[in-house]
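Colleague: Have a look at this prediction, sequence included:
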Amino acid sequence: MLSEKSLREPFPLFEQWMKEAIEGMVNEPTAMMLSTVSKEQKPSSRVVLLKLFTREGFHFFTNYNSRKGKEIEANSHVALLFFWPELEREVRIEGVASYSSPEISDQYFSERPYESQISAIVSRQSQPVESRELLEQLWENQQLASKGERLERPARWGGYFVQPSRIEFWQGRPNRLHDRILFMKKDNEWIVTRLAP
């Protein structure tokens, strides 16, 4: 059972839950819903993968010119959601997104499979494309042009870092008397509160 009295900050608990999700063979444990808001104040959501997290925040990687990239540029406040139904657990995160450092983006890009690097280079994510055949032709042309050489990360592709100001942990319980523990950042300190289910 979650106890707000024994918790001082959210990251050790998140690390424990992520470890248990991975070890528990949860389907896609690092998948998280990313919600953004456009400059017209219209929300949109999609699933991205958590690739790195520290006690400072959470990193994911994408094309900066994608819809989500443009929406983050217009409004850097975002929300993340992890849902692990097999464990009856959910983590809701709200915070501000900014670019990951070039060093972090370069490092992650270099660790991606070569084929995925090519895809990042040729894809104009979220832009209209004439056909699937054209996409595959662009990919094959880039593969031939690269000839297995080391690929450079495109300037339009890289990481975002979400620095959280609010993290809520939800644990399902019998009779729908669930545990909800909220961490709120105030004056550089975390305030812990139990919420009614």
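Modeller: Now that the structure is in, tell me what you want to look at.

Colleague: what helix or strand is Thr62 on?
Modeller: strand 58-63 (DSSP states H and E).

Colleague: Mind listing the strands that strand pairs with, and their directions?
Modeller: When sheet partners are counted by DSSP bridges, strand 58-63 sits next to strand 52-53 (antiparallel), strand 157-171 (antiparallel).

Colleague: Starting from it, tell me the next helix or strand along the chain.
Modeller: Per DSSP H and E, the first helix or strand lying C-terminal to strand 58-63 is helix 67-74.

Colleague: who does that following helix touch, helix- and strand-wise?
Modeller: In this structure, helix 67-74 makes packing contacts with strand 31-37, strand 43-49, strand 58-63, judged by 3 or more Cβ pairs under 8 Å, 6 or more residues apart in numbering; DSSP states H and E. Backbone N, C-alpha and C define where each C-beta goes, glycine included.

Colleague: Turn these into JSON lines, columns for mean pLDDT.
Modeller: What follows is the helices and strands packed on helix 67-74, written out as JSON lines (pLDDT from 0 to 100):
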{"stretch": "strand 31-37", "mean pLDDT": "98"}
{"stretch": "strand 43-49", "mean pLDDT": "97"}
{"stretch": "strand 58-63", "mean pLDDT": "97"}
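
Colleague: what separates His178 from Ile93, distance-wise?
Modeller: Separation of His178 from Ile93 (Cβ to Cβ, to the nearest Å): 18 Å.

Colleague: do Ile72 as well
Modeller: Plainly put, Ile72 is 15 Å away from Ile93 if you go by Cβ to Cβ.

Colleague: For Ser165, list the residues it contacts.
Modeller: For Ser165, the residues meeting the contact criterion (Cβ atoms under 8 Å, 6 or more residues apart in numbering) are 94-96, 184-185.

Colleague: one step back: please work out which residues outside the strand holding Thr62 touch it.
Modeller: Where contact means Cβ under 8 Å, 6+ apart, the residues beyond strand 58-63 that reach it are 32, 34, 48-53, 68-69, 80, 93, 100, 104-105, 108-109, 120, 123-126, 156-162, 164.

Colleague: Find the residue ranges of the chain scoring beneath the pLDDT cut-off.
Modeller: By pLDDT under 70, the low-scoring segments of the chain are 1, 3-6.

Colleague: and if we set it to 50?
Modeller: The model of the chain has no residue with pLDDT under 50.

Colleague: for the helix or strand containing Gly95, packing partners?
Modeller: With secondary structure defined by DSSP H and E, Gly95 is part of strand 89-99. Here strand 89-99 touches helix 11-23, strand 77-84, strand 157-171, going by 3+ Cβ pairs under 8 Å, 6+ apart.

Colleague: Grab the CA positions of it and hand them over as PDB.
Modeller: As requested, the backbone C-alpha atoms of strand 89-99 are provided in PDB (Å, rounded to 0.1, in the frame of the first residue of the first chain):
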ATOM      1  CA  ARG A  89      -1.100   1.300 -11.900                       C
ATOM      2  CA  GLU A  90      -1.000   4.800 -13.500                       C
ATOM      3  CA  VAL A  91       1.400   7.700 -13.300                       C
ATOM      4  CA  ARG A  92       0.300  11.100 -14.400                       C
ATOM      5  CA  ILE A  93       2.900  13.800 -15.000                       C
ATOM      6  CA  GLU A  94       2.600  17.500 -15.700                       C
ATOM      7  CA  GLY A  95       5.500  19.800 -16.500                       C
ATOM      8  CA  VAL A  96       7.400  21.900 -19.000                       C
ATOM      9  CA  ALA A  97       9.200  20.500 -22.000                       C
ATOM     10  CA  SER A  98      12.400  21.800 -23.400                       C
ATOM     11  CA  TYR A  99      15.100  20.500 -25.800                       C
END
